[in-house]
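K.L.:
generate a structure from the sequence data that follows.
(one chain, ligands or ions: 1)
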Amino acid sequence: MASRVIPVDPFDLVIFGGTGDLARRKILPALFRRFVAGQIEGDVRLIGAARSEMDRDGYRTMVRAAIAEFGGEEEGRKKDLAAFLEMLDFVTIDARGTTGWAELAGKMRPGRIQAFYFSVAPVLFGDLAKRLHKHGMANQASRIVVEKPFGRDLETARDLNRVLARHFEERQIYRIDHYLGKETVQNLMAIRFGNVLFEPLWNSQYVDHIQITVAESVGVGGRGDYYDRSGAMRDMVQNHLMQLLCLIAMEPPAKFDPDAVRDEKLKVIRALDPVKATDVVRGQYEAHEDRPDYRTQVDNPDSLTESFVALKVHISNWRWAGTPFYLRTGKRLRERASEIAVVFKDAPHSIFGADAGRHRNILTIRLQPNEGIELGVTIKEPGPGGMRLIDVPLDMTFAEALGPEEADFPDAYERLIMDVIRGNQTLFMRGDEVEAAWAWTDPIIAGWAESGGAPLPYASGSSGPDDALMLMHRDGRRWREIKP
Ligand code: NAD
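P.N.:
Numbering: from 1, shown residues only. A predicted model of the protein is given here:
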């Protein structure tokens, strides 16, 4: 049974950077899919705004091609596509100049939701906010969507928050972390707070440790220039992995409401201990067959930027004191696989004797691919051979448990853009959260710069540098295998 779709109120959405890579690959196809699903209907206007000299028809042609490439245009959807393209308009605009602003202001219709998506380079965020205000588009009905990266350290994030706050209230600012839009990530909250089963065990008394892995098999690709100025810590840990960590570790909020949830996440970030230099491993991938090494790919032979990082993190509060969190992320790893594993402690006493072996429960939340949740439980091995124990998974691959139709999850961008229109900020980062995350990340990055050391090389297609394995081994633990 397909779930019920409730249409959102009519809105005008301006996509600054509407001709860029993100708009073509993610934002516009996401809007198209919501349109096909019936969530966007009626008098809606989608206005691309970018530097390109282009008219409305040119933009429609561009978007048609983008949807054909990234949006799954099927035969039966041709009628939908024509109606969707009708909603599109375009304004040539200069974020730093005067071109296009009066024209854009003239297109906005009072009395309806007005959203402005900043899908341009972050240096332009302040210019856009300023000009929106100057041309009367920063009003009570407007909201802005800000892409990552949100700053490159605490100072720049603070500056950006200050600039945006001059023209928009916090309730109007939607800072995107698309990980929060993933269905499984939201399911993490449902699992924790919708079931009585897990919450009593969700603490250091019962949880031995937690692993969070976000592994990519691809290299830096065409984003080399950006990536080399950023690295895995800024690009992945400060935002995506920290957000996952927060959702795992936070206290139950009193209700599922934007500030209640974000208050609890913020408390987690503020309770993080500083990370010791010996608890961080960073790496850089080497060449593999016909694929170049990291430094060649970013065209910087002396680069000290990490394409891999693993760290051990402690949270100093009553719930988690003594339970480490191990985080790792990197490029050119064995597989593209993201998962969170909550590894429970051994039973306090084995009534089955030493022969029964060592067994523990592991709750695995798979983000990609094959989104789902798996609980490893210990049972008796079938057969007459005595009480031998084995671990088997209670597997809830969503596609199997819910049927392929129900498990055909909307892309994170679909969910998040609709939340912007609905005015729900729960899955967006608040300004203080982002700043707290940078305040914790900055000293780690500063420590690398001070030491002047280079990241450790690792083989492409491996699980990262050996030292990352040691990070676990020295504690008598091991990473779970990276497998699809
Ligand atoms: P892009 O370079 O492909 O596109 C940039 C867009 O900005 C173009 O439409 C261009 O016309 C417009 N633009 C540039 N200068 C302008 C100006 N002065 N005035 C008005 N418009 C101007 O960039 P992108 O990859 O689409 O990224 C956009 C934003 O999204 C960036 O903040 C990026 O960090 C973020 N982001 C991108 C991705 C991705 O996969 N592409 C992923 C995550 C975040």
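K.L.:
packing partners of the host helix or strand of residue 104?
P.N.:
Taking DSSP states H and E as the definition, residue 104 sits inside helix 101-107. Applying 3 or more Cβ pairs under 8 Å, 6 or more residues apart in numbering; DSSP states H and E, we find helix 101-107 packed against strand 45-50, strand 88-92. To be clear about C-beta, it is placed using only N, CA and C from the backbone, and glycine gets the same treatment.
K.L.:
wait, which of these is closest to residue 427?
P.N.:
Closest approach to residue 427 among these (Cβ to Cβ): strand 45-50, 21.4 Å.
K.L.:
any buried residues in the helix or strand hosting residue 283, and which?
P.N.:
Residue 283 is part of strand 280-285, with elements assigned from DSSP H and E. Of the residues in strand 280-285, 280-285 count as buried by neighbour count, 16 or more other Cβ atoms under 10 Å.
K.L.:
which among the helices and strands packed on helix 101-107 is found nearest to the ligand?
P.N.:
Among the helices and strands packed on helix 101-107, strand 45-50 comes nearest to the ligand, with 3.3 Å by Cβ to the nearest ligand atom.
K.L.:
what's the first helix or strand after the closest one?
P.N.:
By DSSP H and E, the next helix or strand past strand 45-50 is helix 56-70.
K.L.:
which helices and strands sit right next to that following helix?
P.N.:
Right, helix 56-70 is packed against helix 28-36, helix 78-86, strand 88-92 by 3+ Cβ pairs under 8 Å, 6+ apart.
K.L.:
how far off helix 28-36 does it point, in degrees?
P.N.:
If you take axes from the mean of the first three to the mean of the last three Cα atoms, to 10 degrees, helix 56-70 sits at 90 degrees to helix 28-36.
K.L.:
helix 56-70 and the ligand, any residue contact?
P.N.:
No. Using Cβ under 6 Å from any ligand atom, helix 56-70 never reaches the ligand; the gap is at least 10.2 Å.
K.L.:
who touches that helix?
P.N.:
18-19, 23-26, 28-29, 32, 48, 54, 73, 81, 84-85, 88-90 (Cβ atoms under 8 Å, 6 or more residues apart in numbering).
K.L.:
what is the end-to-end distance of stretch 209-220?
P.N.:
30 Å (Cα to Cα, to the nearest Å).
K.L.:
cool, and stretch 452-460?
P.N.:
Where stretch 452-460 begins and where it ends lie 24 Å apart, using Cα to Cα.
K.L.:
how about stretch 118-133?
P.N.:
From its first residue to its last, stretch 118-133 covers 14 Å (Cα to Cα).
K.L.:
buried ones in that stretch, by neighbour count?
P.N.:
118-120, 122, 124-132.
K.L.:
does the residue of the stretch 301-450 of the chain found nearest the ligand sit in a helix or strand, and which one?
P.N.:
Closest contact between the stretch 301-450 of the chain and the ligand, by Cβ to the nearest ligand atom, is at residue 413 (10.1 Å). Element membership for residue 413, per DSSP H and E: helix 412-422.
K.L.:
which part of this protein gets nearest to the ligand, residue-wise?
P.N.:
residue 20 (2.3 Å).
K.L.:
before we move on, the earlier item: export the helices and strands packed on helix 101-107 as JSON lines, with columns for mean neighbour count.
P.N.:
Formatted as JSON lines, these follow (neighbours: other Cβ atoms under 10 Å):
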{"stretch": "strand 45-50", "mean neighbour count": "25"}
{"stretch": "strand 88-92", "mean neighbour count": "21"}
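K.L.:
of all those strands, which lies closest to residue 155?
P.N.:
So among the helices and strands packed on helix 101-107, strand 45-50 is nearest, using Cβ to Cβ, at 29.2 Å.
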